[in-house]
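A.B. asks: sequence plus predicted model, see below.
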Amino acid sequence: NFSDYGSDHILLARLATFETGGIGNNVFELISSIGIARTTGRQLIVTSETYKFFKIRHPELVHLLNGVYPENERTVRAAFRIDKSKGDCCRYYGEISNEIKKKSLQPWLSARLNYLQSYLYFSNVTRREISARLELSSKAQAAIDAELAEMRQLRDAEHIICVHSRRGDYFTSGLHKPSNSEFLLGATDFVHMNSNTKSTLILLIGDDLIWQREMAEKLQETGKYAMVLPRLQSVSSPVTDWHVSRKFCDTVILTASSSTFGWWLAYLSKGQKV
């Protein structure tokens, strides 16, 4: 029923990384799909499985699915289908929108999409809207802020350089290069040297706390003020790191260039200097 969605032109997106990918991949696919739907003048819906999956797996992101509706794919059995699930992760495929536009007389379209990791897909969606979609619930924010308020280092610093790292699964993926000490220390030293502030804090954010503590010690040995962001007790989701970035990160250094989680951490950062 078109009236359920407020539009008579519907795009049903089947998003591949919701089955296996992390939050960074999930957000890229969804935000890019929103952009594609708007470019082609359609209302975005996702399969009920995808909708439920996201609600269960990322409950803190209460605004992300605003204006996106769930639907079961069998509702559009006769729809024209587009399959763009075989493309490279990080390239922009303009033909996706072009193919959808060519089917302007077809009210229902179903598209299999994968990764969509290019900002060009959502260049028509404002940063303000994306930032709002990625805000945590007010309850989660309050709990996190209460913990962060106890970290005096964050309050006292004039400038905070956030250094994101990812190691863990990147050692075995075969596709990604994990963060390494040579780049992290060298890049951080360069950015710190050019920060031009009296009180600069280096905040290490990532998945390997033991390695990050080693990096913090090495930075401290050269006279820098560095700390590792601990695992917060109030909210266990990794998206707490995005909230920290919004509030504190004046500059962001990405040491694992293929990390989509790190990309969004930088996108949301307070200082917008990456």
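C.D. replies: Perfect, thanks for sending it. Numbers count the residues shown, from 1 in each chain.

A.B. asks: could you pull out the helices for this structure?
C.D. replies: Counting by DSSP state H, the chain has helices at residues 17-20, 23-39, 48-57, 95-102, 127-133, 138-148, 152-156, 181-193, 209-221, 240-248, 260-267.

A.B. asks: which one of these lies closest to residue 120?
C.D. replies: helix 23-39 (8.5 Å; C-beta to C-beta). Glycine gets a C-beta too; all of them are placed from N, C-alpha and C.

A.B. asks: in terms of secondary structure, what does the closest one contact?
C.D. replies: Applying 3 or more C-beta pairs under 8 Å, 6 or more residues apart in numbering; DSSP states H and E, we find helix 23-39 packed against strand 10-15, helix 17-20, strand 43-47, helix 48-57, helix 95-102, strand 108-113, helix 260-267.

A.B. asks: could you check the longest one and say which residues are buried?
C.D. replies: Within helix 48-57, the residues scored as buried using 16 or more other C-beta atoms under 10 Å are 50, 51, 53, 54.

A.B. asks: export that helix to CSV, keeping only CA atoms.
C.D. replies: Written as CSV, here are the backbone C-alpha positions of helix 48-57 (Å, rounded to 0.1, in the frame of the first residue of the first chain):
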residue,chain,number,x,y,z
SER,A,48,12.1,-6.6,7.6
GLU,A,49,15.1,-8.7,8.4
THR,A,50,17.5,-5.8,7.9
TYR,A,51,15.3,-3.5,9.9
LYS,A,52,15.0,-5.9,12.9
PHE,A,53,18.7,-6.8,12.7
PHE,A,54,19.7,-3.2,13.1
LYS,A,55,17.3,-2.5,15.9
ILE,A,56,18.6,-5.4,17.8
ARG,A,57,22.3,-5.0,17.1
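
A.B. asks: so where's the protein uncertain?
C.D. replies: Where the chain drops to pLDDT under 70, the residues are 1-4, 72-81, 84-87.

A.B. asks: please parse it into its domains.
C.D. replies: The chain breaks down into these domains under automatic domain parsing: 2-133, 138-267.

A.B. asks: of all the ones you listed, which lies closest to residue 274?
C.D. replies: Comparing the domains of the chain by their distance to residue 274 (C-beta to C-beta), the top pick is domain 138-267, with 4.5 Å.

A.B. asks: thought residue 111 was touching residue 15?
C.D. replies: No - using C-beta atoms under 8 Å, residue 111 makes no contact with residue 15, being 9.5 Å away.

A.B. asks: so which of the two has more stuff around it?
C.D. replies: When residue 111 and residue 15 are compared for neighbours, residue 15 comes out ahead with 27 against 24, by other C-beta atoms under 10 Å.

A.B. asks: from residue 9, how far out is residue 107?
C.D. replies: Noted for residue 107: a distance of 6 Å to residue 9, by C-beta to C-beta, to the nearest Å.

A.B. asks: more neighbours, the two?
C.D. replies: The neighbour comparison of residue 107 against residue 9 (other C-beta under 10 Å) goes to residue 9, with 19 against 15.

A.B. asks: is it correct that the more buried one is in contact with residue 44?
C.D. replies: No - the criterion here is C-beta under 8 Å, and residue 9 misses it with residue 44 at 10.6 Å.

A.B. asks: separation between the residue nearest to residue 132 when sequence neighbours are not counted and residue 55?
C.D. replies: Of all residues not flanking residue 132 in the chain, residue 63 sits nearest, at 6.0 Å (C-beta to C-beta, 6 or more residues apart in numbering). Distance, residue 63 to residue 55, by C-beta to C-beta: 12 Å.

A.B. asks: sweet, I'm off.
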